[in-house]
Every structure is written in C-alpha cells, then in structure tokens.
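Engineer: Generate coordinates for the sequence data below:
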Amino acid sequence: MRIMKDPAEAVASKIAAVQILDFLMEVGHLAMAHALVSQLKFFTGIAKRKGKKRRPPSGMISPGVGDAEVHQFMTAVCELMDRWGRQYEAAPPAAPEAELAAARTELATGGLQFEAPVYVGRVSGGGGSQFEA
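Structural biologist: Now for the predicted structure:
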C-alpha cells in the first residue's frame, strides 16, 4: 500500500503493486480478500475519481505525472475492483469479501464503466499488460 500512496513512486511501480495484489488474491483467496476489504475506501476512492475523470489526490501521484500514466494506474485499480467484485458476487452478505462485490456494484451504479482487462488477471489468462517481463 505504501507504494500506491507514495507520490514519489513511479506510476509503473504503482501499477506493478496492483498486479502483485491481483496475483496474491489468486493464491491467497479469502485471506487476501479480507486484507483488500480493509483498504476498500482507498481503492473505491480511486475508482470513483476515474469515473468522474478526475486525478487521484495530489498527495498520491506527483503533479508532474502525465494524464495518460495516471489513467493507466486508475484503470488498473478499476480492473482489480471489477475482477474481484465479480469473483465474490455470490458470497454470503455477512462475509467480508461480499463488500468487494458491493463496492463493485456501487461503482457500476454510480456510472463507472468497467473496461476489458489490460493490467490484472494475467494468471488465469486475463488481459495483457505493457509491464510484463
């Protein structure tokens, strides 16, 4: 989380952190889902700003970073929210991971249009990434 919140970190590092989180969600399932839920306000805040075409808070990304790079980071966060929100749609309402599905639904209801994945989902054959090795 420190990497994603630190304005001195490069956007490519922030996207890589989202991709690592996505991978850990694949292998850690519920434990990682519960950890993600604890940071849900952070991630949904970024996703909501993307839907409104606004940059993340200035304390998160250096003001000198171009709009295209900011868009890439925000897209990666939205893809993470979309993927794991869908994954836990059938979770019992009282389960912590159900909050991911509820957050995804709230974002979609608020007008955020989720795009085809580019940055997350590589382990199970999802979209490609410009940051692959």
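Engineer: Tell me how far residue 18 lies from residue 92.
Structural biologist: From residue 18 across to residue 92, the span is 27 Å (Cβ to Cβ, to the nearest Å). Quick note: C-beta positions are derived from backbone N, CA and C, even for glycine.
Engineer: For the two, indicate the residue with more neighbours.
Structural biologist: Using other Cβ atoms under 10 Å as the criterion, residue 18 and residue 92 rank with residue 18 on top: 22 against 8.
Engineer: Once you drop chain neighbours, what's closest to the spatially most central residue of the chain?
Structural biologist: In the chain, the C-alpha nearest the mean C-alpha coordinate belongs to residue 77, at 2.2 Å (Cα atoms, centre = their mean). Excluding its sequence neighbours, the residue lying closest to residue 77 (Cβ to Cβ, 6 or more residues apart in numbering) is residue 46, at 4.6 Å.
Engineer: What residues of the strand or helix carrying the one you found count as buried?
Structural biologist: In this structure, residue 46 sits in helix 40-51 according to DSSP states H and E. For helix 40-51, a neighbour-count test (16 or more other Cβ atoms under 10 Å) marks 42, 43, 44, 46, 47, 48, 49, 50, 51 as buried.
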